[in-house]
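Asks: I'll drop the sequence and a predicted model, then ask my questions.
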Amino acid sequence: MKYIFLLFLLPIVALGQFEKSIKLKVAVIQNFVQKGEEGETAYWQTKGKITFGIVNYTEEQNPIFKELFINQYREILPIYKKMVVSEDEKDTNLFIKTLIRQEQDYRKLLTQDQLKKYLNQLAEFEKNNPQANDSYSSLFFSENLLKEYIERF
C-alpha cells in the first residue's frame, strides 16, 4: 500500500528524472524510518560515507557533517511521517522544500574545492552512470536536479 502512495505522491509532476528522484527520495527516507531507532545512525553514516568518498572531509569537518546529517534526519523524520499519513499536497511540498534547503545547507559547509568535486561527480553520474545517479539522487541533488526542484517548488 505504501508503494502505491509513492506512485501518486505528486500527480502534478511530469514524468522523467524529476519524478523518479522524488520517488527515490521518499523510498530512501522510508527505508531509514523502517530501521526504527537505528534509522538516524544509518542515515548520517550513509550520507557521510557517500559524500566523504567524493569530497574527502577534513578531520575538523567530520563532526560538523555528522551533526548536520543527524539534524537533517531529525528534521525530515516528522515531516515525512506526517506526509505519509496525510497524503496532503502541502505536506509533500514541505517535505520537498525541506530537502532542497538541506541540500543548500550541506553545500554551504563545503569548501570551494569540495563543492566543485561534489558537483562534478554528480554531473558525471547524471550523464554516464544511471545506477550511481539514482543512488546519489536519492539523498543528494545534482546541480541540474536542484535547479529543477527549486523551479517547481
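Replies: Thanks, I have it. Every value quoted in this text rests on a predicted model; they were computed, and no experiment measured them. Numbering: from 1, shown residues only.
Asks: poorly predicted segments of this protein, please.
Replies: Applying pLDDT under 70 to the chain flags residues 1-16.
Asks: which residue ranges of it form helices?
Replies: 2-7, 17-34, 38-55, 61-86, 89-109, 112-128, 130-137, 143-152 (DSSP state H).
Asks: make a markdown table from the ones you listed and add mean neighbour count to it.
Replies: Backbone N, C-alpha and C define where each C-beta goes, glycine included. Converted to a markdown table, these look like this (neighbours: other CB atoms under 10 Å):
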| stretch | mean neighbour count |
| --- | --- |
| helix 2-7 | 11 |
| helix 17-34 | 18 |
| helix 38-55 | 16 |
| helix 61-86 | 16 |
| helix 89-109 | 16 |
| helix 112-128 | 15 |
| helix 130-137 | 16 |
| helix 143-152 | 15 |
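Asks: ok, Ile79 - contacts?
Replies: 91, 94-95, 98 (CB atoms under 8 Å, 6 or more residues apart in numbering).
Asks: swap in 10 Å and give it another go.
Replies: 29, 91-92, 94-99 (CB atoms under 10 Å, 6 or more residues apart in numbering).
Asks: same question, Leu119
Replies: 54, 107, 110, 141-144, 146.
Asks: now do 7 Å
Replies: Residues near Leu119 by CB atoms under 7 Å, 6 or more residues apart in numbering: Glu143.
Asks: that one and Ile76, how far apart?
Replies: The gap separating Leu119 from Ile76 is 22 Å, by CB to CB, to the nearest Å.
Asks: quick one: Thr51 from Gln45, how far?
Replies: Here the criterion is CB to CB. By it, Thr51 lies 11 Å from Gln45.
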